[in-house]
Structure formats: structure tokens, C-alpha cells
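Engineer: okay, sequence plus prediction incoming.
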Amino acid sequence: MNTFHFNSRAFLEEQGVALDAFSRPPSSRSKIVILVKNLPAFTKIEEIRDMFAKHGELGRVVLPHNGVTAIVEFYEPTEARAAFRKLAYTKFHGTPLYLEWAPEGAFKEGPGPKPPKIEEVLSEEKEEQEAVEVEETLVDPEPNSTIFVKNLNFDTSDLALREHFGKIGQIYSATIATKKDSKRQGNF
């Protein structure tokens, strides 16, 4: 056994990967863990994380040193499916990405706790206080300085959107557009 293989194996075990799940034909496939194959050598884990995070909240992302295969875990099956559909066979550094659903039980333990949503972290009082403070310090925005954000989680609030983008600069207005319920229109 060569040193690189041993180190990769030890690394994967340290990351909680159940290597025995990969050594036998899978009886079932995971709905949240994707194998990312055909990566160029020395791919950075940040590149993989950034590419997949566009499609949903990630749990673990494992990429052995000098590895050419990564393991990406999502919290939600729908987000994992969306990433799989969008990224399979796309070009990454000049080579197509080969994606495969990992065998069930690819990790020794299930995903860790999902990070709390911003709304859960802040109390209502604090949210109201921050909204008042922001409104009091507003200056007129520059012309043509509107951005539109797509693919938001349905649970995202105006305040959460404001707080997220407030980290990079002053926000003048943050409003989430919603469709009107046509069944309720005209009913009082």
C-alpha cells in the first residue's frame, strides 16, 4: 500500500466517511450525498463548496488532499437534486464533472445539525429595533443601484435579506416580492 493511498484513507475516515459503504455494491443510494468525480488534481475544496452552495445549504464537503473525487452533502434532498441536475457533465477546469449519488450510509453519522436560520437567532424585539435604526440612518440611494435576488428560500424574510446584504454595505430597502393568491382576490 503506498503512502498517498494510506493518507487519503486515514483522511476520509477522520472526516466520518464510512469507507465500507463504498467497497460493496450499494443496496440503495443517498438522496443528499453526491460523489463529484473527474476533478483535476489539486482542486481546492472552496471551489467545490462554492459551486454546490449555489444550489442549497451544504452539510459536509470532503475532498482528500490531491484528490480527484469529492463528497458533497446537502441538508435537503430537493436542493441536492437541483445541484445534481444543474452540475452533472458541466465543464470544470476544462473537464466534465461526473456526478453520482453516494451509497446510503456514506457517512458514519448523519448530517450534523442544520445551522439555525437568521430569523430563529434574532428575537422579534431585536429585529424591530434594528429595523428602526436602519431606517433612521438611511441616505438617498444612488441612481440605478437596485439588485434583484433570485432563488430565495420561501422562509426568507425582508429583515433576513436586509441583514444578509447589510454585511457589505448600507441597504436602503429590502423587499421580497410574492405572488398574489388569485383565488383570494376579490374575496373580503
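Structural biologist: Sure, I can see it.

Engineer: residues in contact with stretch 14-33?
Structural biologist: For stretch 14-33, contacts defined as Cβ atoms under 8 Å, 6 or more residues apart in numbering pick out 9, 12-13, 59-60, 62, 71-77, 80-81, 101-109, 111. From N, CA and C alone the C-beta is placed, and that goes for glycine too.

Engineer: low-confidence bits of the chain, can you list those?
Structural biologist: For the chain, the stretches flagged by pLDDT under 70 are 1-6, 111-141, 180-188.

Engineer: could you list the domains of it?
Structural biologist: According to automatic domain parsing, the chain comprises the domains 3-103, 118-166.

Engineer: from the chain's centroid, how far away is stretch 76-88?
Structural biologist: In terms of Cα atoms, centre = their mean, to the nearest Å, the centre of stretch 76-88 is found 10 Å from the chain centre.

Engineer: with only the CA atoms kept, save it in PDB.
Structural biologist: Extracted C-alpha coordinates of stretch 76-88, given in PDB (Å, rounded to 0.1, in the frame of the first residue of the first chain):
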ATOM      1  CA  GLU A  76     -32.300  19.000   1.800                       C
ATOM      2  CA  PRO A  77     -32.900  16.300  -0.900                       C
ATOM      3  CA  THR A  78     -34.600  18.800  -3.200                       C
ATOM      4  CA  GLU A  79     -31.500  21.000  -3.200                       C
ATOM      5  CA  ALA A  80     -29.300  18.000  -3.800                       C
ATOM      6  CA  ARG A  81     -31.400  17.000  -6.800                       C
ATOM      7  CA  ALA A  82     -31.300  20.600  -8.200                       C
ATOM      8  CA  ALA A  83     -27.500  20.700  -7.900                       C
ATOM      9  CA  PHE A  84     -27.100  17.200  -9.400                       C
ATOM     10  CA  ARG A  85     -29.300  18.200 -12.400                       C
ATOM     11  CA  LYS A  86     -27.500  21.600 -12.900                       C
ATOM     12  CA  LEU A  87     -23.900  20.400 -12.500                       C
ATOM     13  CA  ALA A  88     -23.800  16.900 -14.000                       C
END
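
Engineer: how near is Asp20 to Gly105?
Structural biologist: Per Cβ to Cβ, to the nearest Å, Asp20 is found 9 Å from Gly105.

Engineer: same question, Arg9
Structural biologist: 17 Å.

Engineer: likewise for Gly59?
Structural biologist: Distance from Gly59 to Gly105, by Cβ to Cβ: 15 Å.

Engineer: the two: who's more crowded?
Structural biologist: Set Gly59 next to Gly105 and count neighbours by other Cβ atoms under 10 Å: Gly59 wins out with 19 against 16.
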